[in-house]
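Asks: predicted model, plus sequence, below.
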Amino acid sequence: MRYPGRKSVLGYANQAPLDSMNRPHQIIPRESLASPRVKKPEWLKVRRDHTDGYRELKRIMRDLDLNTVCEEARCPNIYECWQQRTATFMILGDTCTRACRFCAVNWGRPTHLDRDEPKRVARAVAAMGLRHAVITSVNRDELEDGGAEIFAETICEIRSAIPDCGIEVLIPDFKGDKAALQKVIDAGPEVISHNIETVPRLFRQIQPWSSFERGMTLLERIKDLAPEIVSKTGLMVGLGEEFDEVVAVMRELAAIGVEVVTIGQYLPPSQRHAPLDRYYTPDEFAALKREGEAAGISHVESGPLVRSSYHAGDQYEELRNRSRARLAS
């Protein structure tokens, strides 16, 4: 079921092997949140451009039976990114065990675990000639380690096939399992990202299966366990948060060593998802970037169409160049 209502979500929560933190704190039926569509401002309009590069990447993904978050989450940057031969692979299938209120990815009970998927992702990375590969996944709460082993295998397969390719993983919270996180760290990606998504006041309304504190703990553990790995997170705005609340979250992120933060406009996938509160202006996004970097975050990518993996390779290259410059001085 793509857009579960209250009865379906609670029914799944009562049957699935989820821990107490993963059970809904409060479920608000999506139908009750439905709001009239508001016309998008000019700065959010995207031209659909099915270029040769776009069509080639689509063919590679279909030939290798792979999923991308670009397609599943309806990313507005797909035409630009695919033309530039960049894409975010979504492993562990296309069905998520959580029904987050902002997300367009399919929700339900996954049927199997594809053990050959890591090899096919590596083949796609090689075919695309990527210098920086981004891997994310659905949540797989029915798996003991949340899918951490498949993340690690995917990293190792890419590293074996394309040794010089940078690897970034955007991971779920693994239900707070430190051992699962360690599996990913041991595989040696350059960047580990986990999206905190929103401010504490709104967190359980849009992600009733987790908590703001769990996400922050995971981000803090990345730097504790592997200081050499770049830590990264993403935030959406337009859900009803205040500007100062976003700034406060960025200060918390800087305090635990997060180096990259992305901030983008929330766009409801449908009227059944969490409603849009308002559109932020380009000037407000620029102000958030200034506030985040003033708080001590090394790189803040902030803009209406920014998403977690937008310009991910450029972000990592910029951080690496800064590090080299500091060592040389």
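Replies: All right, it came through fine.
Asks: once you drop chain neighbours, what's closest to residue 154?
Replies: residue 118 (4.0 Å; C-beta to C-beta, 6 or more residues apart in numbering). The C-beta positions use only the backbone N, C-alpha and C, and glycine is treated the same way.
Asks: which stretch of helix or strand covers the one you found?
Replies: Remark: residue 118 resides in helix 117-128, with elements defined by DSSP states H and E.
Asks: cool, residue 224 as well?
Replies: Assessed by DSSP H and E, residue 224 sits inside helix 212-225.
Asks: right, and the helix or strand after that helix?
Replies: strand 230-237.
Asks: distance between that following strand and the chain's centre?
Replies: Computed by C-alpha atoms, centre = their mean, to the nearest Å, the chain-centroid distance of strand 230-237 equals 8 Å.
Asks: same for that strand, what does it pack against?
Replies: Contacts defined by 3 or more C-beta pairs under 8 Å, 6 or more residues apart in numbering; DSSP states H and E place strand 230-237 against strand 191-193, helix 212-225, helix 243-255, strand 260-265, helix 312-328.
Asks: got the angle for the second one vs helix 243-255?
Replies: Think helix 212-225. Using axes from the mean of the first three to the mean of the last three C-alpha atoms, to 10 degrees, the direction of helix 212-225 lies 30 degrees away from that of helix 243-255.
Asks: so where's this structure uncertain?
Replies: 1-38, 43-54, 56-58, 61, 69-87, 310-313, 316, 322-329 (pLDDT under 70).
Asks: if we go to 90?
Replies: 1-90, 93-95, 99-112, 124-125, 127-134, 207-209, 267-273, 305-329 (pLDDT under 90).
Asks: need the strands for it, in chain order.
Replies: 67-68, 88-91, 132-137, 166-170, 191-193, 230-237, 260-265, 299-302 (DSSP state E).
Asks: okay, those strands in JSON lines with mean neighbour count next?
Replies: Formatted as JSON lines, those follow (neighbours: other C-beta atoms under 10 Å):
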{"stretch": "strand 67-68", "mean neighbour count": "22"}
{"stretch": "strand 88-91", "mean neighbour count": "25"}
{"stretch": "strand 132-137", "mean neighbour count": "25"}
{"stretch": "strand 166-170", "mean neighbour count": "24"}
{"stretch": "strand 191-193", "mean neighbour count": "25"}
{"stretch": "strand 230-237", "mean neighbour count": "25"}
{"stretch": "strand 260-265", "mean neighbour count": "25"}
{"stretch": "strand 299-302", "mean neighbour count": "22"}
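Asks: Serialize the ones you listed to TSV and add fields for distance to residue 150.
Replies: Output for these, formatted as TSV (distance: least, C-beta to C-beta, whole Å):
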stretch	distance to residue 150
strand 67-68	13
strand 88-91	6
strand 132-137	8
strand 166-170	11
strand 191-193	15
strand 230-237	20
strand 260-265	24
strand 299-302	27
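Asks: out of these, which is closest to residue 207?
Replies: Of all these, strand 230-237 sits nearest to residue 207, with 11.0 Å by C-beta to C-beta.
Asks: what's the angle between the closest one and helix 212-225?
Replies: Using the same axes, to 10 degrees, strand 230-237 lies at 160 degrees relative to helix 212-225.
Asks: nearest to residue 200, out of the strands of the chain?
Replies: strand 230-237 (11.9 Å).
Asks: between that closest one and strand 260-265, how big is the angle?
Replies: 20 degrees.
Asks: can you dump the C-alpha coordinates of strand 230-237 into PDB?
Replies: Output in PDB follows, covering the C-alpha atoms of strand 230-237 (Å, rounded to 0.1, in the frame of the first residue of the first chain):
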ATOM      1  CA  VAL A 230      32.900  12.800   6.900                       C
ATOM      2  CA  SER A 231      29.600  13.000   8.700                       C
ATOM      3  CA  LYS A 232      26.600  14.600   7.000                       C
ATOM      4  CA  THR A 233      22.900  15.200   7.500                       C
ATOM      5  CA  GLY A 234      19.900  16.800   5.700                       C
ATOM      6  CA  LEU A 235      17.000  19.000   6.800                       C
ATOM      7  CA  MET A 236      13.700  19.900   5.100                       C
ATOM      8  CA  VAL A 237      12.000  23.300   5.700                       C
END
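Asks: which residues sit against it?
Replies: Applying C-beta atoms under 8 Å, 6 or more residues apart in numbering, the external contacts of strand 230-237 come out as 102, 168, 190-198, 215, 219, 222-223, 246, 249-250, 253, 257-266, 280, 288, 307-308, 315-316, 319.
Asks: which of those are buried?
Replies: 102, 168, 190-198, 215, 219, 222-223, 246, 249-250, 253, 257-266, 280, 288, 307-308, 315-316, 319 (16 or more other C-beta atoms under 10 Å).
Asks: what's near enough to touch residue 160?
Replies: Contacts for residue 160 (C-beta under 8 Å, 6+ apart) come out as residue 122.
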